[in-house]
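Asker: Pasted the sequence and its predicted model underneath.
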Amino acid sequence: MSALIASNIHKAFGDHEVLKGVSLDVARGEVVTLIGASGSGKSTFLRCLNLLEMPQQGELAIGTHQFAFGRGVRPAGDAQLALLRRSVGMVFQHFNLFPHMSVLRNITEGPVQVKGMAQAEADALGRDLLAKVGLADKADAFPSRLSGGQKQRVAIARALAMKPEVMLFDEPTSALDPELVGEVLAVIRSLASEGMTMVLVTHEMTFAADVSTRVGFMNDGIMAEIGTPEETIRQPRSERLKSFLSRFHETH
Amino acid sequence: MYVWEFAALKPYWGLIWQGLLVTVFYTVTTVAAGLVIGLIVGILRTTAPRWIAVPLRLYIEIFRCTPLLVQLVWMYYALPVLIGVDMSPAMACFIALSLYAGSFYAEIFRGGIEAVDVGQWEAGRAIGMRRGKIFRRIVLPQATQVMIPSFINQTIMQLKNTSLVSVVAVGDLLYQGSVITAASYRPLEVYTTIAVLYFVVLFPLTLVADRVELRMGAHR
């Protein structure tokens, strides 16, 4: 059963066509990783999945939420978008924690303000999630006191607090010092083992091979290849993917 | 050597006190009105379509690029003729000072709002918050922090600027000073006292500002 279906997504910024008809069908419990050179459109595509970027053409279905884009289709309103995003969590490269709120408040903001949960109940939920990402003792700290890895784990907890059906990760470890990457990947790995449906954009190739059910290679605005990690990473078919992977192994 | 004779001011303390109250009153009311104007105009400037944003820009530039003294005199002498309404000096001063403050506050608000990283908006949207709520709960509190130093500066200027209302015979601290000078022939004592009073009111305000800034930035 599909948790997410994106069909024929097109997106251009001005004259620059970033996505030229990308489709992806993610089954419930699947972990799909998108790889590709910078500028290949993988982050833009990910941002189209919770409509932080609005596609110009195509369709998107997540759970009971359905959207169509294109000429003559009325664009979705703020309220409709907000409803979709309740069930799609997103983790950003640069964390984007709310600096004026404590760690716990960062996590409870969504449940309290969006879902109308009582603060006490949200606090309990927040503490559970903090324990889960290994930061139980940081509830009252402010984000500025945390390391990058800790910030990203809080950001994951904040997204999980909305109890999303799908989690999106946009290069979650790219802004981290190398020694902090592991702690974030460990949290993502444990989510995967719990059966969370996830779409990741990452440059951590070993991790991708290890945790993904499928790996997609994006190139020049299209999904050039997609298959099991074995197929995509170990037996690439296209020259483009082969050269991307070999360049990648040289530099990493 | 000039012999200071502050005792000569004794009969006039009541007037000075009155003047000080008028100055404080104008500061408080026009800062409040200016903040409301500034917040609305500042927000609209960042979010509204061009046909609203452009006239607002015009308003801001007109009030920033003409002297406040000219605005006061114009409001008092010219505006009543143009719109055919009799306006008291007090009213003309209130309007001019509020619009003047509003134009500066609007730019401070706009700058503060625009200084907040777009990632903050995106993080709010990503957890399903709607525009208004993101603005109120995520963006505005952070913008306020950035704005505080400029905001305090502008408010201090506003208090000092109220001294211009004496030109149209509104009885503020400076106006009472000139009245007392005329009666007592003691300009040095009078204007020194008045300068000290402005200082005494404003200096603590700057100290409060420092503390607020420190506390609000404590988690940074």
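Answerer: That came through fine.

Asker: low-confidence ranges in chain B?
Answerer: Within chain B, the set of residues satisfying pLDDT under 70 comprises B:216-220.

Asker: Go again with 80.
Answerer: B:209, B:212-220 (pLDDT under 80).

Asker: what does it put close to chain A?
Answerer: Remark: the part of chain B in contact with chain A comprises B:117, B:119-120, B:122-123, B:125-131, B:133, B:137-138, B:141-142, B:145, B:219-220, using C-beta under 8 Å from any C-beta of the partner chain. In this view, the C-beta of every residue, glycine as well, is placed from N, C-alpha and C.

Asker: So what does A:Val73 look like in phi/psi?
Answerer: Main-chain torsions, A:Val73, degrees, to the nearest 10: phi -100, psi 130.

Asker: State the pLDDT value of it.
Answerer: A:Val73 carries a pLDDT value of 87.

Asker: quick one: it and chain B, what's the gap?
Answerer: Distance check for A:Val73 against chain B: by C-beta to the nearest C-beta, to the nearest Å, it reads 21 Å.

Asker: Could you do A:Leu129 as well?
Answerer: Spatial separation of A:Leu129 from chain B under the definition C-beta to the nearest C-beta is 13 Å.

Asker: what distance separates the start and the end of stretch B:122-140?
Answerer: Using C-alpha to C-alpha, to the nearest Å, one end of stretch B:122-140 lies 15 Å from the other.

Asker: Flag every buried residue along stretch B:152-165.
Answerer: For stretch B:152-165, a neighbour-count test (16 or more other C-beta atoms under 10 Å in any protein chain shown) marks B:152, B:154-156, B:158-159, B:161-165 as buried.

Asker: So which of the residues you listed are in strands?
Answerer: Secondary structure of these is defined by DSSP state E; no position falls in strands.

Asker: Please render the residues you listed as a markdown table that adds distance to A:Arg28 to the earlier fields.
Answerer: Shown next, in a markdown table, are those (distance: C-beta to C-beta, whole Å):
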| residue | distance to A:Arg28 |
| --- | --- |
| B:Ile152 | 55 |
| B:Gln154 | 56 |
| B:Thr155 | 57 |
| B:Ile156 | 61 |
| B:Gln158 | 60 |
| B:Leu159 | 64 |
| B:Asn161 | 65 |
| B:Thr162 | 67 |
| B:Ser163 | 71 |
| B:Leu164 | 70 |
| B:Val165 | 70 |
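
Asker: Going by distance to A:Glu17, which of those residues wins?
Answerer: Closest approach to A:Glu17 among the buried residues of stretch B:152-165 (C-beta to C-beta): B:Gln154, at 46.5 Å.

Asker: what's near enough to touch the closest one?
Answerer: Residues in contact with B:Gln154 (C-beta atoms under 8 Å, 6 or more residues apart in numbering or on different chains) are B:101, B:104-105, B:108.

Asker: Enumerate the residues of the stretch 1-150 of chain A near chain B.
Answerer: Within the stretch 1-150 of chain A, the positions near chain B by C-beta under 8 Å from any C-beta are A:50, A:52, A:78-79, A:81-83, A:85-86, A:88-90, A:92, A:94, A:96-100, A:109-110, A:113-114, A:142, A:144-145.

Asker: Those residues in strands, which ones?
Answerer: Secondary structure from DSSP E places A:88-90 of the residues of the stretch 1-150 of chain A next to chain B in strands.

Asker: Looking at those residues, spot the one nearest chain B.
Answerer: Nearest to chain B among these: A:Met90, at 4.1 Å, using C-beta to the nearest C-beta.
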